[in-house]
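# sequence and predicted structure are below.
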Amino acid sequence: TLPKEPAVLRQNILDTTAAILACGIDPKKCFLFRQSLVPEHAELAWILGCLTNVPRLLRLPQWKMKRGSQNNEGTVGLLTYPVLQAADILLYKSTRVPVGEDQVLHLELAQDIAQHFNKKYGEFFPVPKAILSEL
């Protein structure tokens with residue numbers, strides 16, 4: 001949610017891709033793609049953002065924590081990022097999502113958004129369930 005220099009961002013994308021491949025992810029057995037090249041992520045995030053109320057987003061802990069670390073000048077990106085995460089999940093009609101404890105509230109937001117969308121427009125998105133990692 002903070003601005004990045006384009007060259008640094010490009011290098012970070014390459015480094016992250018290399019790390020994923022180095023972990024043993026086989027691109028012949030799974031889909032590996034750059035999310036920012038799929039416009040449907042941003043398009044669905046816009047639609048879902050229009051269904052999500054601001055007070056709900058302001059209650060998320062990342063807004064409170066990061067806003068404080070940014071001298072009370074939290075950006076809109078801090079509010080819209082959880083909606084983008086929900087779009088990432090719902091776009092693929094995911095039914096199970098592996099998350100850590102720190103992401104449970106974001107998954108609950110995705111569940112709430114899916115339920116609200118389905119109530120308003122008919123059953124379309126499955127309501128995703130968490131698969132909690134055990135460390």
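Thanks, I have the structure now.
# so how far is residue 11 from residue 101?
Per C-beta to C-beta, to the nearest Å, residue 101 is found 31 Å from residue 11. All C-beta atoms are positioned from the backbone trio N, CA, C, and that covers glycine.
# correction: residue 129
From residue 129 across to residue 11, the span is 36 Å (C-beta to C-beta).
# ok, how many other residues are close to the residue lying closest to residue 85 once chain neighbours are set aside?
Distances taken as C-beta to C-beta, 6 or more residues apart in numbering place residue 106 nearest to residue 85, at 5.3 Å, with adjacent residues excluded. By other C-beta atoms under 10 Å, 20 other residues sit near residue 106.
# for this structure, which segments are assigned as helices?
Using DSSP state H, the helices of the chain run over 6-22, 39-49, 54-58, 61-69, 76-91, 104-121.
# give me whichever of those helices is most buried.
Among those, ranked by average contacts under mean count of other C-beta atoms under 10 Å, first place goes to helix 76-91 (a mean of 20).
# residues in contact with the most centrally placed residue in the chain?
Ranked by distance to the mean C-alpha position of the chain (C-alpha atoms, centre = their mean), the top residue is residue 85 at 1.4 Å. Residues near residue 85 by C-beta atoms under 8 Å, 6 or more residues apart in numbering: 106, 109, 110.
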